[in-house]
Each structure stands twice: as C-alpha cells, then as structure tokens.
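Visitor: okay, structure incoming, though there's no sequence with it:
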C-alpha cells in the first residue's frame, strides 16, 4: 500500500534558496514539491490554485511579504489550518514572535 505524498509549495524570492529548499524536500520520502513562487502575491495565488498540504514561506519578499501571506492565509476559512513553515534569514526574537502570533507552525532560520 502506498501512502499519499505531502504536496508542498515553496514561496521564496531567492532562486538559490528555492532550489535548495526544493532539492532538500524532494530528497524526502512521501514529499512532492508541486510548485514554487517568487514573491508573496504569486505565492498566495498558487496556494489557492494548487491547494498544497504544506507551504514553506520566506519572510522578506517583494510585492507581499511573508507576514502578509501568513495573515491572508490564516483569515481564509478554507486555508486557516494549512501548515506553514517560515524559513527566513530574519531570525531575531521579534520576527519569530510576530510569526508565531500570526499562526506560523514552525519558524526556521536560513543558514
């Protein structure tokens, strides 16, 4: 019996970081990267269109930052329980606390 793969959307404006995250995720069993987005607005559209099981989200991005994406997803009843992992270079306590207050499931720092 095969189990369903976790469908992940990667939202990060850095091409290097997107490739690194996608490569790491694709090395995991039962994970399928179903798409990626280069900024917050594109990411939000893809969350709605692709309906992933999980998203990874950068904080600092053009057009709509990670906090705005997170707030918008959490306000949508259809998406409010969607697991979100924020992966960012902004690892200060202030940013972490704000992300947790907005409902992020996990907060990770970029190396």
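Guide: Noted; the coordinates are in hand. The structure presented is a predicted model; accordingly, all values stated were derived computationally and were not measured.

Visitor: any weak-confidence spans in this protein?
Guide: Filtered on pLDDT under 70, the chain yields the residue ranges 1-2.

Visitor: what about residue 81, how many residues nearby?
Guide: The number of residues packed around residue 81, counting by other CB atoms under 10 Å, is 10. Every C-beta, even on glycine, is put in place using the N, C-alpha and C of the backbone.

Visitor: before we move on, what about the one 3 residues further on?
Guide: Using other CB under 10 Å, residue 84 has 24 neighbouring residues.

Visitor: bridging residues for it?
Guide: Note on residue 84: beta-bridge partners residue 55, judged by DSSP bridges.

Visitor: that one and residue 52, how far apart?
Guide: To residue 52, residue 84 is 10 Å away according to CB to CB, to the nearest Å.

Visitor: so which strand or helix has residue 107?
Guide: strand 106-109 (DSSP states H and E).

Visitor: how far is that strand from where the chain is centred?
Guide: Centroid separation for strand 106-109 versus its chain: 11 Å, with CA atoms, centre = their mean, to the nearest Å.

Visitor: go through stretch 77-86 and flag the buried ones.
Guide: Along stretch 77-86, these residues count as buried under the neighbour rule (16 or more other CB atoms under 10 Å): 79, 82, 84, 85, 86.

Visitor: swap that for stretch 104-111, sorry
Guide: 104, 107.

Visitor: quick one: contacts of that stretch?
Guide: Stretch 104-111 has contacts (CB atoms under 8 Å, 6 or more residues apart in numbering) with 17, 57, 70, 83-89, 91, 96, 99-100.

Visitor: could you do stretch 54-63 as well?
Guide: Contacts with stretch 54-63, where a contact means CB under 8 Å, 6+ apart, come from 6-14, 17, 21, 25, 38-43, 47, 65-67, 69-70, 73, 82-90, 95, 99, 104.
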